[in-house]
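> What follows is a predicted structure for the sequence shown.
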Amino acid sequence: MSNDRLRKDIFVAVAVFAGLAVLPLAAPSSYVLGQATLFLIWAAVVTQWNLVLGVAGILSIGQMALFAAGGYAVALLGLYFSISPWWSLPIAGLAGMAVSLLMGSATLRLRGAYVVVVTLAIAMVMYQLIVTDVECFRKLEIACYSLTGGARGLARFGDFGFTKLFGYKLVATADYLLALACLALGTLFAIVVVHSPYGRAFQAMRDNEVCAAARGIGVAKYQLIVFAAAGFFTGLAGGVYAGVMKTFGPQVLELPTLLFLLSMMVVGGRGRVWGPILGTIALAVVDESFRDLAQWRNTSYALVLILILLFMPEGLAGRLGWLLTDLPSRFGGLFGTRKSTWGQP
Amino acid sequence: MNASATHGNILSVEGLTKRYGAMAAVSDLTFNVKPGEVLGIGGPNGAGKTTLFDTISGVSRASAGTVIFDGNDISNLSAAQICHLGIARTFQLNAVFDTMTVRENLQSSAYFGTRNRIVPSLRFDKEAKEQADEAMEVTGLQELAGTVAASLPILQRKLLMTASAIASRPKLLLLDEPVGGLNSKEIDHCAGVFRRLRDYHGMTIVLIEHIMSFMTALSDNVIILHHGRKLYEGSAKGLADDKEVVEVYLGTAGASAVRAAATERLSHGVA
């Protein structure tokens, strides 16, 4: 039964990612490909965040600190040790995992709003440490640069070398495919996990923590497991971002980024495998529609968020599940349907 | 605690105290449960019944005293460890995993509850699936295997809670108000399930209940708590004749109901 849903979800995932992989053949402009690359990376972040917040029900909102850990790992290793992002990507994952485990252990005994405060605080401390880092670390001619690059961020630390490999014209496509691979890896991992006993343990913690403990689930252990896993893949996404954008700065730790990603999760549907991807598509569409009205951009996210919370509190994935309830060809996997029995055998 | 005191008992509670600040919710409580026994625990609201379950099952830690289960001192173990040793409890509120189906609830409880899974696999094992099926069968929930727990009616939710507790095949079952809020037909149905658990599955049961007719009909022995202390301990039959119990808890009308239930139980030979 659960295996059926696992198979369905993997099937859908393979189809979706194969479809996305051939998209560059439609020869979109490099602007569109660049934006798509960025959104694929955001979707990868939200997918992992959704494991922690949506599936395990831990209100962690410091997720961008893990992303930053991965990004800075790639940037710093490239800058000071000339290590190619290809080699530092696994280290980016481990860096994300380390920060995530720190966050997970700091919040082991906390619940609800207190978790929000502590995780946000960790991200904010990281931000402050970086932007206040102005001490001269290296000198290039007359300019002075700090260790972390401070508020300006880091650049010129190397990239994935796609220009050399495929030529200038295909760089955007290669970046796009790399971001897609990163998202696919994280999503397939998330699908396998939510349909496994690990996923049930996370879900049990979210549904009723005291009851989960009384049924033999060591809650602290599974909290650390979900933080470690999400940390690794979020750090990886941060590393890919750094390598693709060729620059990395503390802006990713600022509140607008956080709210933008949080909107993606809520619009898509918390706790559902396909929520993050649907949410990302929705927000990408909103973002592009309001591109020419710069001052309305943030307002438009807020508006969409409010509308979704009012009319589809379970997000697009939840709504879609509800719409498909009676269709025989349910395309599995919107996971954790609360009221309806949709998605069940 | 000496060996003779634990001898022949599956559960020995000795001098158990749970204080919240200056208030002792459970105060110096001592009692034993023999294998196969059904012990009923009653008492007015705030008597410390649920607190007693919380401390035995590791949900909260006792301030003083020891709990010996099956030869192990479990006083300082976590809820998960106690579950792995073989005590499963239910909760007064309908605590199940709401977003899971009946089957997922039971498979999770069976898989994680039976023993400590140091590195869980990526699938539930055959054993867990069998235990889940068995729990479903005992409680009669097979038809609802694919239904999400949140959408179950109250009786089925209560049964699911019992089923998820027995899915890990515990030796001792702690039931916190298993029939509260049910009508008399539903209560009879539940009583049948619990009797089967005791008679065919050899489970020892400690249950908290306010519905005295249900409790007297099912229990071999009864303890009545009042302000965290033992007010009465003895057979269900003697309950109605105890002056203090009648005064503090049952009232005269309640006493005659208990007497009737106890007589009925004897005449039907359900013991």
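Nice, thanks for sending it over. Numbers count the residues shown, from 1 in each chain, chains lettered A, B, ... in the order given.
> Can you get me a residue count around the nearest residue to A:Gly249 once chain neighbours are set aside?
Spatial nearest neighbour of A:Gly249, excluding adjacent residues (CB to CB, 6 or more residues apart in numbering or on different chains): A:Gly153 at 2.3 Å. (Each C-beta comes from the backbone N, C-alpha and C, glycine too.) A:Gly153 has 20 neighbouring residues, counting by other CB atoms under 10 Å in any protein chain shown.
> likewise A:Tyr301?
Using other CB under 10 Å as the criterion, A:Tyr301 is surrounded by 21 other residues.
> who's in contact with it?
A:Leu259, A:Phe260, A:Ser263, A:Leu283, A:Val286, A:Asp287 (CB atoms under 8 Å, 6 or more residues apart in numbering or on different chains).
> could you say which helix or strand contains it?
Taking DSSP states H and E as the criterion, A:Tyr301 maps to helix A:297-311.
> Of all the residues in that helix, which ones are buried?
By 16 or more other CB atoms under 10 Å in any protein chain shown, the buried positions in helix A:297-311 come out as A:Arg297, A:Tyr301, A:Val304, A:Leu305, A:Ile308.
> do the same with stretch B:20-39
B:Ala24, B:Ala25, B:Val26, B:Ser27, B:Leu29, B:Phe31, B:Asn32, B:Val33, B:Glu37, B:Val38, B:Leu39.
> Extract the C-alpha set from that stretch and format it as CSV.
Coordinates of each C-alpha in stretch B:20-39 appear next as CSV, following Å, rounded to 0.1, in the frame of the first residue of the first chain:
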residue,chain,number,x,y,z
TYR,B,20,4.2,19.6,41.0
GLY,B,21,5.6,22.3,43.1
ALA,B,22,4.1,22.0,46.6
MET,B,23,1.2,19.9,45.3
ALA,B,24,1.6,16.1,45.4
ALA,B,25,-0.5,14.7,42.5
VAL,B,26,0.5,11.2,43.6
SER,B,27,1.6,10.6,47.1
ASP,B,28,3.5,7.6,48.4
LEU,B,29,1.5,5.1,46.5
THR,B,30,2.3,1.4,46.7
PHE,B,31,0.6,-1.4,44.9
ASN,B,32,1.3,-4.6,42.9
VAL,B,33,-0.2,-6.1,39.8
LYS,B,34,-0.1,-9.9,39.1
PRO,B,35,0.3,-11.3,35.6
GLY,B,36,-3.1,-11.8,34.0
GLU,B,37,-4.8,-9.5,36.5
VAL,B,38,-7.2,-6.7,35.5
LEU,B,39,-6.8,-3.8,38.0
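> Can you show me the helices along chain B?
B:3-6, B:49-56, B:79-85, B:102-114, B:126-139, B:154-166, B:184-201, B:212-218, B:243-245, B:251-268 (DSSP state H).
> centroid residue for chain A?
Geometric centre of chain A, nearest residue: A:Val45, 0.6 Å, by CA atoms, centre = their mean.
> Wait, that residue touches A:Leu261, no?
Yes. The criterion here is CB atoms under 8 Å, and A:Val45 meets it with A:Leu261 at 6.1 Å.
> In which helix or strand does the nearest residue to A:Tyr241 once chain neighbours are set aside reside?
Spatial nearest neighbour of A:Tyr241, excluding adjacent residues (CB to CB, 6+ apart): A:Ile41 at 5.1 Å. For A:Ile41, the element it lies in under DSSP H and E is helix A:30-49.
> which of the residues in that helix are buried?
The neighbour-count criterion (16+ other CB under 10 Å) identifies A:32-49 as the buried residues of helix A:30-49.
> comparing the helices of chain B, which gets the lowest mean pLDDT score?
Ranked by mean pLDDT, those bottom out at helix B:3-6, with a mean of 49.
> So A:Lys139, which state does it fall into?
Three-state assignment for A:Lys139 (DSSP: H, G, I helix; E, B strand; the rest coil): strand.
> How about it: which residues does it bridge to?
In this entry, A:Lys139 is beta-bridged to A:Cys144, by DSSP bridges.
> pLDDT score for it?
A:Lys139 is given a pLDDT of 81.
> count of residues packed around it?
Counted with other CB under 10 Å, A:Lys139 comes out at 9.
> what's around the spatially closest residue to A:Phe137 that is not a sequence neighbour, how many residues?
With CB to CB, 6+ apart as the criterion, A:Phe137 has its nearest non-adjacent residue at 4.2 Å, and that residue is A:Leu147. By other CB under 10 Å, the residues close to A:Leu147 number 15.
> ranges for the strands of the stretch 201-345 of chain A?
For the stretch 201-345 of chain A, the strands defined by DSSP state E, counting those that start in this stretch cover A:247-248.
> quick one: low-confidence parts of it?
Applying pLDDT under 70 to the stretch 201-345 of chain A flags residues A:322-345.
> Closest to B:Gly251 out of the buried residues of helix A:297-311?
For the buried residues of helix A:297-311, the closest approach to B:Gly251 (CB to CB) belongs to A:Ile308, at 54.4 Å.
> What residues does the closest one make contact with?
When the contact criterion is CB under 8 Å, 6+ apart, the partners of A:Ile308 are A:Val266, A:Val267, A:Gly315, A:Leu316.
> Export those as a markdown table, with columns for distance to chain B.
Shown next, in a markdown table, are the contacts of A:Ile308 (distance: CB to the nearest CB, whole Å):
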| residue | distance to chain B |
| --- | --- |
| A:Val266 | 17 |
| A:Val267 | 20 |
| A:Gly315 | 14 |
| A:Leu316 | 18 |
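> Farthest pair within these?
The span of the contacts of A:Ile308, defined through CB to CB, is set by A:Val266 and A:Leu316 at 9.9 Å.
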